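Asker: sequence unknown, structure follows:
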């Protein structure tokens, strides 16, 4: 139009398409486009020619193609029907048709088949529930090599004393050996996410520690709710003492002994991945009210005071009263739980 401005339309970004398929960032669809990284991930997985490989979130099949070259069978779980069609189109008549099995559905809701190795570039929003679903899977797989958001990955592998050491670190490392393999920059994806990623290797422990996972998670939640406080300060809180005393009396009345068999608690593994109300992932810099102790003061009755002394005695027995959760190891927590169990104190 004369005298008017011509408004140019911005072309759709090529980064959002592959083979005519538009990717949705809101669904966590970030396709790994760097072939060297794909090769490295497959190599780090240590796949044998007899292995059944579970791939979660195959997308358009860039990683799938490499997996099919080294594995006996690849089972790909994909939620997006467009991606399922693309996988079928890409590998139909390629010679890999009989090796590839595609399951369309939500990986968190579907029943997973047998597999030896899991390789996955997952939507980051399902990182925690998926990790613990895999660790609860039976029979136990050999290893998983998974792409996570970098900060989540660093929490998984964090050690006592690290800033990112939290409930997620402790629970994951109770069930598996975890190791950081490599950092992956955001520009290796199409479309690029807002954050960097990391690849982590997870090897389930065999056998698992003989512990009730519900009891374990109850203790860990309590300790990491204020991980910079001393355990003495945490266990002096009226709300904590009230909860433990209620559990103690209930167990005494019912005279219930917790099963020591690992099998009895196998289905409880999933509770470790529940992040509801978990404040241990906050990066608080360690300046919270570390020594603020909330106790009953003068209003304590004789019974409450006696129970509080019992709890403090357990902490003193293991030399835990002045220690903080952020610096305790797996062995420390297992020992602490055993002391409470021996005294008839339960967390679930």
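Answerer: That came through fine. Just so it is clear, the model here is predicted, and its values are computed rather than measured.

Asker: the residue nearest the centre of the chain - nearest residue in space that isn't next to it in sequence?
Answerer: With distances taken as C-alpha atoms, centre = their mean, the chain has residue 128 as the residue nearest its mean C-alpha position (3.5 Å). Computed as C-beta to C-beta, 6 or more residues apart in numbering, the closest residue to residue 128 that is not its neighbour in sequence is residue 273, at 5.0 Å. From N, CA and C alone the C-beta is placed, and that goes for glycine too.

Asker: residues near the one you found, how many?
Answerer: 20 (other C-beta atoms under 10 Å).

Asker: quick one, helices of the protein?
Answerer: Counting by DSSP state H, the chain forms helices over residues 35-45, 62-70, 81-91, 127-136, 150-157, 167-175, 213-224, 231-235, 238-254, 302-317, 330-342, given from the N-terminal end onward.

Asker: residue 57 is in contact with residue 122, correct?
Answerer: Yes - counting by C-beta atoms under 8 Å, residue 122 does reach residue 57; the two are 5.2 Å apart.

Asker: of these two, which one has the most company?
Answerer: residue 57 (24 against 18).

Asker: and that one, how far from residue 84?
Answerer: Summarising the geometry, the distance separating residue 57 from residue 84, computed by C-beta to C-beta, to the nearest Å, is 12 Å.

Asker: what of residue 246?
Answerer: From residue 246 over to residue 84 the distance is 50 Å, taken as C-beta to C-beta.

Asker: on that earlier part again, quick one: the residue nearest to the centre of the chain from residue 157, how far?
Answerer: Using C-beta to C-beta, one gets 15 Å for the distance from residue 128 to residue 157.

Asker: so where's the stretch 201-348 of the chain uncertain?
Answerer: Within the stretch 201-348 of the chain, the ranges that satisfy pLDDT under 70 run 255-268, 270, 275-303.

Asker: mind doing that once more with 50?
Answerer: Residues of the stretch 201-348 of the chain meeting the criterion pLDDT under 50: 260-264, 266, 283-296, 298.

Asker: with adjacent residues omitted, what lies nearest to residue 121?
Answerer: Going by C-beta to C-beta, 6+ apart, residue 121 has residue 147 as its nearest residue, at 4.3 Å.

Asker: my guess is residue 271 contacts residue 216. True?
Answerer: No - under the criterion of C-beta under 8 Å, residue 271 makes no contact with residue 216, lying 9.0 Å away.

Asker: ok, residue 194 - how many residues close by?
Answerer: Per other C-beta under 10 Å, the neighbour tally for residue 194 reads 8.

Asker: quick revisit: list the contacts of the residue nearest to residue 121.
Answerer: With contact set as C-beta atoms under 8 Å, 6 or more residues apart in numbering, residue 147 has these partners: 32, 41, 120, 121, 122, 184, 197, 198, 199.

Asker: now with 7 Å?
Answerer: Residue 147 sits next to 120, 121, 122, 184, 197, 199 when contact means C-beta atoms under 7 Å, 6 or more residues apart in numbering.

Asker: correct me if wrong: the first one contacts residue 57.
Answerer: Yes - judged on C-beta atoms under 7 Å, residue 120 makes contact with residue 57 at a distance of 6.0 Å.

Asker: if we can go back for a sec, quick check: pLDDT value at the residue nearest to the centre of the chain.
Answerer: Looking at residue 128, its pLDDT reads 95.

Asker: how close does residue 134 sit to residue 344?
Answerer: Taken as C-beta to C-beta, the spacing of residue 134 relative to residue 344 amounts to 34 Å.

Asker: now residue 241
Answerer: Where residue 344 is concerned, residue 241 sits at a distance of 15 Å (C-beta to C-beta).

Asker: of the two, give the one with the bigger neighbour count.
Answerer: Between residue 241 and residue 344, counted using other C-beta under 10 Å, the more crowded position is residue 241 (22 against 12).

Asker: how about the nearest residue to that one, chain neighbours excluded?
Answerer: Beyond its immediate neighbours in the sequence, the residue positioned closest to residue 241 (C-beta to C-beta, 6+ apart) is residue 308, lying 5.6 Å away.

Asker: please enumerate the strands of the stretch 1-150 of the chain.
Answerer: Using DSSP state E, counting those that start in this stretch, the strands of the stretch 1-150 of the chain run over residues 17-18, 21-22, 31-32, 52-56, 73-78, 100-104, 117-121, 143-149.

Asker: in JSON lines, list those strands along with mean pLDDT and distance to residue 167.
Answerer: As requested, the strands of the stretch 1-150 of the chain are arranged in JSON lines below (pLDDT from 0 to 100; distance: least, C-beta to C-beta, whole Å):
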{"stretch": "strand 17-18", "mean pLDDT": "49", "distance to residue 167": "38"}
{"stretch": "strand 21-22", "mean pLDDT": "62", "distance to residue 167": "37"}
{"stretch": "strand 31-32", "mean pLDDT": "78", "distance to residue 167": "29"}
{"stretch": "strand 52-56", "mean pLDDT": "97", "distance to residue 167": "24"}
{"stretch": "strand 73-78", "mean pLDDT": "96", "distance to residue 167": "27"}
{"stretch": "strand 100-104", "mean pLDDT": "96", "distance to residue 167": "31"}
{"stretch": "strand 117-121", "mean pLDDT": "95", "distance to residue 167": "23"}
{"stretch": "strand 143-149", "mean pLDDT": "97", "distance to residue 167": "16"}
